[in-house]
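> Quick one: sequence and predicted model below, then my questions.
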Amino acid sequence: MEEELKNEEVEEAKNEAEFVEAEEPTELEKAISAAEDYKRKWYSVSAEYDNYRKRNAQSVSKAYADGASEAILKLLPVADNFGYALDSATDEKTRAGIDKIIKSFKTILSSLGIEEIEISRGDEFDEGVAEAIMNFPCEQGEAPNTVKQVLKKGYRTKDKVIRFAQVTVTI
C-alpha cells in the first residue's frame, strides 16, 4: 500500500511537471503571440483612422453645403426684387435688361445645384415645399387646399429646401 502511494505521488509530480512545462510558452510562441497582438491592434487603429477620415470628409462636405445654402439664402431677396421690378417695368428695354439679370442669376443657382420649386396657381398645397401665409375662402370653381397666389418663390437643393415658397391657400 505504501508503495502504491509513492507511485501515485511520483505520477502526480510528473503530471505537475508536465503541466508547468505546458503552461510556459517558448520564446517563439511568445514572439508569435506578440506579433498577433500587434497585428490586431494595427488593424483596429487602421480601421478607426479610416472611419475618422470618412466622418471628417462628410463633416467638411456638409459644412460647405450649409455655408453655400446660407449665402444663397441671403441673396434670394435680391432675386425677388428683380422679379418685382420685371413685373412693374413698362419699357421693353428695361424689361429685357432685368430679364437677362434674372436668367444669369438662375444660371448661377443651377450651377450650384439649386433649383426653383415649381408652384403655380391651382396646384394642391404641399406643406413640404411651401408655407401658407394667408387663407382665403374658396370662390366658385376653386377647390379647397389649393394655391391661390405665389407670394415668394421657393428654392431647394437635391436633398433639402433652402427657402419654402410663400403662398396663399384656399380653405
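Okay, I see it.
> ranges for the strands of this structure?
Here the chain has its strands, by DSSP state E, at 115-117, 130-136, 147-152, 154-156, 161-163, 165-170.
> Give me the residue at the spatial middle of this protein.
residue 62 (6.5 Å; CA atoms, centre = their mean).
> Would you quantify the distance from that residue to residue 160?
To residue 160, residue 62 is 11 Å away according to CB to CB, to the nearest Å. Placement of C-beta: from N, CA and C, glycine included.
> Where does pLDDT dip in the chain?
For the chain, residues meeting the criterion pLDDT under 70 lie at 1-10, 13-23.
> top helix in it by residue count?
Longest helix in the chain by number of residues (criterion: DSSP state H): helix 27-88.
> would CSV of the strands of the chain with distance to residue 26 and mean neighbour count be doable?
Putting the strands of the chain into CSV (distance: least, CB to CB, whole Å; neighbours: other CB atoms under 10 Å) gives the following:
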stretch, distance to residue 26, mean neighbour count
strand 115-117, 70, 16
strand 130-136, 76, 15
strand 147-152, 80, 17
strand 154-156, 68, 20
strand 161-163, 68, 18
strand 165-170, 77, 20
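> Let's have those strands in TSV, adding distance to residue 66.
Output for those, formatted as TSV (distance: least, CB to CB, whole Å):
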stretch	distance to residue 66
strand 115-117	18
strand 130-136	21
strand 147-152	22
strand 154-156	14
strand 161-163	10
strand 165-170	21
